[in-house]
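Asker: For reference, the sequence and a predicted model appear below.
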Amino acid sequence: MIRTCRRAALALALLATPVAAAGPYAPPDPDVLSALKHHHSRHAWWRVSLDSVRYQVRVHKVDASGVSGLQPFEKGSPVPKAIAWSRIARIDERMSDRSSKPVYVSRPLLEPSLAIAGTASDPAAGSPRTAAALDSARSDVASTPAAGAGAASVNAPAPGEPTRQVLEACQRIQPTSLLRVHADFGLFEGNVAHAAPEGLSGLRVAPDAPATITAPPDRVRWERIDRVDLHGNRAAEGAIGGAIGLGVLGAIIGLVDVVATGVTYTSDSGTSPILVGAMIGAASGAVLGAANGALKYKWRRIYPH
């Protein structure tokens, strides 16, 4: 019974722990560091949360100084080479279903919550920061739905101006746009009433979406979003492909005409038959390709890109 209460209290503390707090943070105890090294996998995706920013990365090395050798989730995204423990508020592991579970929480964040829960003073409980305590709480936290207040606390908003990719995504998202949003709460498929630098709000589930998909009740900040896909036709791609294909064919026909007749330039305009054939072919191909592409639909990633 006591152990069950301790696990429940620790799970609640981890879910209620805010990211933003006054640093610097104390390094993990030796037993916690040892557990992190044992748990660490270079193939796992970790969300490393600082006071004002969160990085989703693969970590090459975990040691007494911090984490290093960081590989970003999105290729080309700027990440530091190393992050010291004094800057790390918490670490969560991204699961295959896009939910997350706590791996490490800094002591200044963890201890006050546990003290309120009445476990820090329990001498029989041992250190709530030990690897065993963290391991026993992970299953409880991972089974809790990520949507709502718990998920919001894991992902603190990053201050400052919105990124270029956020602004470009906002310009492409309309109330009628059909979107797939991959975020810390899982997958959402439907429409968004408002897309702004502060996040996505007014989410409405598509009528034909799977029954398991639900809409978050509040605004979803961009810091919580991993990817956004837009459902649209392939008219633009079809036009480009058609223009290239028939343009080349038209140029070849013009070349055959030059070889057959020996006429390099037309008498009225002085334009090469090769160029005329390419222009006519490209124009015809663009129209036909766009018409064909308009009948085909696919999901296209618009954030990040």
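Answerer: Sure thing, it's come through.
Asker: From now on I want contacts and neighbour counts done on CA atoms only, so please keep to that.
Answerer: Noted.
Asker: which residues of the stretch 101-250 of the chain fall in strands?
Answerer: 179-183, 186-196, 199-205, 225-233 (DSSP state E, counting those that start in this stretch).
Asker: And the first one, what does it pack against?
Answerer: It stands for strand 179-183. If contacts are counted by 3 or more CA pairs under 8 Å, 6 or more residues apart in numbering; DSSP states H and E, strand 179-183 sits against strand 186-196, strand 225-233.
Asker: Deepest in the core, which of those is it.
Answerer: The highest average neighbour count among these, using mean count of other CA atoms under 10 Å, belongs to strand 186-196 at a mean of 20.
Asker: so it versus strand 225-233, what angle?
Answerer: Taking axes from the mean of the first three to the mean of the last three CA atoms, to 10 degrees, strand 186-196 and strand 225-233 form an angle of 80 degrees between their directions.
Asker: Give the partner strands of strand 186-196 in its sheet and their orientations.
Answerer: Strand 186-196 sits in its sheet next to strand 179-183 (antiparallel), strand 199-205 (antiparallel), going by DSSP bridges.
Asker: buried sites along the shortest one?
Answerer: I take that to be strand 179-183. Neighbour counts over strand 179-183 (16 or more other CA atoms under 10 Å) mark 179-183 as buried.
Asker: Using JSON lines, lay out these together with distance to residue 291 and pLDDT.
Answerer: Listed next are the buried residues of strand 179-183 as JSON lines, based on distance: CA to CA, whole Å; pLDDT from 0 to 100:
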{"residue": "179", "distance to residue 291": "23", "pLDDT": "89"}
{"residue": "180", "distance to residue 291": "25", "pLDDT": "89"}
{"residue": "181", "distance to residue 291": "29", "pLDDT": "90"}
{"residue": "182", "distance to residue 291": "31", "pLDDT": "89"}
{"residue": "183", "distance to residue 291": "34", "pLDDT": "86"}
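Asker: what's the farthest-apart pair in those?
Answerer: Using CA to CA, these span at most 12.4 Å, a distance reached by 179 and 183.
Asker: follow-up on the earlier one: as JSON lines, the strands of the stretch 101-250 of the chain with distance to residue 37 would be great.
Answerer: Converted to JSON lines, the strands of the stretch 101-250 of the chain look like this (distance: least, CA to CA, whole Å):
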{"stretch": "strand 179-183", "distance to residue 37": "27"}
{"stretch": "strand 186-196", "distance to residue 37": "28"}
{"stretch": "strand 199-205", "distance to residue 37": "35"}
{"stretch": "strand 225-233", "distance to residue 37": "26"}
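Asker: between those strands, which gets nearest to residue 280?
Answerer: If you check each of the strands of the stretch 101-250 of the chain against residue 280 by CA to CA, strand 225-233 wins as the nearest, at 25.0 Å.
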